[in-house]
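Student: Pasting the sequence and the predicted model now:
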Amino acid sequence: METLFDAYAEDFEDHLVGQLRYQGFATLLRPLLDEAAPAEVLDLGCGTGLCGRQLQGIASAVDGVDVSAEMVARARRSGHYRELWHAELGEHLETSERRYDCVLAADVFVYVGELATVFAGVRRILRPGGRFAFTVEAGEAGSGVRLLPKLRYTHAPDYLRSLAEAHGFTVSAMYSAPIRHDQDRPVPGLYVHLR
């Protein structure tokens, strides 16, 4: 995965936003920005910094972590992050000493699959009352986690609700909207906001 995204880093934003019409990060952040942006935010799978750019001047601090060293280097050059780490997400969540008001993951879990470890790690680093907001490609009810032929995972809404409950989260919102386009067709996503 790291090698793939290191090679993709240079053209990442042009391809993802320009060609695939990726809008997941903006749709995910809109409810947070419409209310009051959280003070300190961790951006999981920060990539080149699309979420950090949206939060610039709104959140008091945004940190990021990504498995790709090249993505982290580009996010660092953006100037939108307080701190950045080149690390695997689960490992970072298990060892981080920082605490946050909000953890974001925009179009990241499609590469992770099973999310129990991530949920446990996010719960560990969130301050009381903290928020966890993320996107997934929408799976059918009862399908759990499914690997597609394009090597991306889908997550079913009932699976996500069950994980939320098991880790002490309440679902404040879960809604459907496209994440990006693939061959000019919208890819259905779920936008999930937990507390």
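Tutor: Perfect, I can see it now.

Student: from here on, contacts and neighbour counts on C-alpha atoms
Tutor: Will do.

Student: partners of Ala61 in the sheet?
Tutor: Glu40 (DSSP bridges).

Student: swap in Ala138?
Tutor: Beta-bridge partners for Ala138, by DSSP bridges, are His155.

Student: can you tell me which residues contact it?
Tutor: Thr154, His155, Ala156, Pro157, Ser176, Pro188, Gly189, Leu190 (Cα atoms under 8 Å, 6 or more residues apart in numbering).

Student: Could you check how far it is from Tyr153?
Tutor: 9 Å (Cα to Cα, to the nearest Å).

Student: Could you check the pLDDT of Gln56?
Tutor: pLDDT for Gln56: 85.

Student: before we move on, what about Asp6?
Tutor: pLDDT at Asp6 comes out at 46.

Student: if we can go back for a sec, taking the contacts of Ala138, please make a ChimeraX selection of just the buried ones.
Tutor: The buried residues among these can be selected in ChimeraX (16 or more other Cα atoms under 10 Å) with this line:
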select :154,155,156,157,188,189,190
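
Student: Nearest residue to Glu140 in space, please, no chain neighbours.
Tutor: The shortest distance from Glu140 to any non-neighbouring residue, by Cα to Cα, 6 or more residues apart in numbering, is to Ala156 (5.3 Å).

Student: cool, Asp107 as well?
Tutor: Thr135 (5.6 Å).

Student: Tell me if I am right that that neighbour is in a strand.
Tutor: Yes. Assessed with DSSP: H, G, I helix; E, B strand; the rest coil, Thr135 lies in a strand.

Student: And it, how far from Leu163?
Tutor: Distance from Thr135 to Leu163, by Cα to Cα: 15 Å.

Student: Please say which of those two ends up with more neighbours.
Tutor: It is Thr135, of Thr135 and Leu163, that has more neighbours when counted by other Cα atoms under 10 Å, with 27 against 16.

Student: quick one: the more buried one from Leu33, how far?
Tutor: Distance, Thr135 to Leu33, by Cα to Cα: 16 Å.

Student: Kindly report the same for Gly90.
Tutor: According to Cα to Cα, Gly90 and Leu33 sit 27 Å apart.

Student: Count the residues that sit near Gly79.
Tutor: 13.

Student: whoops, Tyr175 was the one
Tutor: For Tyr175, using other Cα under 10 Å, the count is 11.
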